[in-house]
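Student: Sequence and predicted structure, then a few things I'm wondering about:
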Amino acid sequence: MLAAGCADKPSKPDTVHYATGFGAVGRDSFIWVAREKGYFRDAGIEIDIQKGAGNVPNLTLLKSNQIQFAAMDLSGAELLAGQGRFTDWRAVAAIHQQTLVSIMTTADTGITKPADLSGKTIATATGSVSEVLFPAYAKLAGLDPATVKIQGTQPTALNGLMAQRKVDAISTFLLSRKALETASKKQVTVMPYSDYLKNLYGNVIVAQAGLIGSDRDLVQRFTTAALKGLRYTLDHPQEAAEILNKAEPTAAIPAAVGEIEAMKPYAEPLGRLDEKRVTDGLAELGISTLTPAAVADFSFCSGTPTVGCS
């Protein structure tokens, strides 16, 4: 009944260090759920969860062997690998089947489509995937990126800048829509990058390439347990948010529930990574120096259903 590569758990647990995509928020709650529900324990894994800080910090931790697994935005990681930086990693399962990067603005700006952004100022996290992907998005949307001013800032400052109308729009993850509506007390317009960049995955689970080579069984057990946590989280948002809050009290339960509910449409088929989509995504990013095998291992969660994968 188990998929190939899913062996019995070892007599002594393997200790694994993992970094979330960014901090302790709803989109990352599944990893705490998997730990709380005993999925890692049942797989013979003792997991240390660290709060990540984005692609570059997480990839740096992977490179220095301080962690073995992490969540991160696949497009951003591919762009870095295409530059010859941080290449010792592979995506093993998808968390989000599409990029969740978007442009968001409040209804009072009158901005309703990408062309309306010409001559406007967009705030985004400095050096983030939102900033890096904007030129490709703009060109496909018929907008000259040179006509838009990009204002870099701290991720936590984005909603405040928009709510106070210090910028015309922000570029961030669409899961933050509810938070922006709360901060601005206004209706929010969302323009997803995925309307034009259709083959890009969002967050994925990555593993050290060296670990895949030396201990595929551990990678399979980890991936299966993590995806069980993701499945439970999507099916039980309130409980998942409470588990997250119990582990990380600064994570507000309503905000976490909102993120989990918002990510539901983008999480299916659960975990699956498709080689053709990764190939087409690399082409959309203009990366010709990488093959799909250089950024993903499709044997853990491919198009064929396995334990934990749809």
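Tutor: Nice, thanks for sending it over.

Student: residues contacting the residue positioned nearest the centre of the chain?
Tutor: For the chain, the residue nearest the mean C-alpha position is N203 (2.1 Å; Cα atoms, centre = their mean). Contact analysis of N203 by Cβ atoms under 8 Å, 6 or more residues apart in numbering lists 21, 27, 71-74, 94-96, 100. C-beta: built from backbone N, CA, C; applies to glycine.

Student: Grab the nearest non-local neighbour of it.
Tutor: Nearest non-adjacent residue to N203, counting by Cβ to Cβ, 6 or more residues apart in numbering: I95, 4.2 Å away.

Student: right, and the one you found touches R27 too?
Tutor: Yes: the criterion here is Cβ atoms under 8 Å, and I95 meets it with R27 at 7.5 Å.

Student: Name the residues contacting each of the two.
Tutor: 21, 203.

Student: for this structure, what spans make up the strands?
Tutor: Using DSSP state E, the strands of the chain run over 14-19, 45-50, 69-73, 89-94, 101-106, 121-125, 149-153, 169-173, 188-192, 203-208.

Student: which one of the ones you listed lies closest to A296?
Tutor: strand 89-94 (4.2 Å; Cβ to Cβ).

Student: quick one, what contacts the residue nearest to A226 when sequence neighbours are not counted?
Tutor: In space, and not counting its chain neighbours, A226 is closest to A34: 5.5 Å by Cβ to Cβ, 6+ apart. A34 makes contact with 40, 47, 225-226, 228-230, 232 under the criterion Cβ under 8 Å, 6+ apart.

Student: Also Q187?
Tutor: Q187 touches 106-107, 181, counting by Cβ under 8 Å, 6+ apart.

Student: now do E131
Tutor: E131 makes contact with 124-125, 150, 152, 171, according to Cβ under 8 Å, 6+ apart.

Student: Can you check those residues and name whichever has the most neighbours?
Tutor: S171 (27 neighbours; other Cβ atoms under 10 Å).

Student: That residue contacts T105, correct?
Tutor: No: applying Cβ under 8 Å, one finds S171 not in contact with T105, separated by 10.0 Å.

Student: Which strands or helices does the longest helix seen in the chain pack on?
Tutor: In the chain, with assignment by DSSP state H, the single longest helix is helix 216-235. In terms of contacts (3 or more Cβ pairs under 8 Å, 6 or more residues apart in numbering; DSSP states H and E), helix 216-235 is packed against strand 14-19, helix 29-36, helix 39-42, strand 45-50, strand 89-94, strand 203-208, helix 209-214, helix 253-263.

Student: for these, which one sits closest to I67?
Tutor: Proximity to I67 (Cβ to Cβ) singles out strand 14-19 among those, at 4.2 Å.

Student: buried ones in the closest one?
Tutor: Buried residues in strand 14-19, counted by 16 or more other Cβ atoms under 10 Å: 14, 16-19.

Student: Out of these, the closest to W89 would be?
Tutor: Closest approach to W89 among the buried residues of strand 14-19 (Cβ to Cβ): A19, at 11.8 Å.

Student: so can I have TSV of the helices and strands packed on helix 216-235 showing mean pLDDT and distance to D274?
Tutor: Formatted as TSV, those follow (pLDDT from 0 to 100; distance: least, Cβ to Cβ, whole Å):
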stretch	mean pLDDT	distance to D274
strand 14-19	98	24
helix 29-36	98	21
helix 39-42	98	25
strand 45-50	98	27
strand 89-94	98	9
strand 203-208	98	12
helix 209-214	97	19
helix 253-263	92	19
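
Student: Any chance of these in CSV with distance to L79 as columns?
Tutor: Listed next are those as CSV, based on distance: least, Cβ to Cβ, whole Å:
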stretch, distance to L79
strand 14-19, 19
helix 29-36, 24
helix 39-42, 31
strand 45-50, 23
strand 89-94, 13
strand 203-208, 14
helix 209-214, 18
helix 253-263, 22
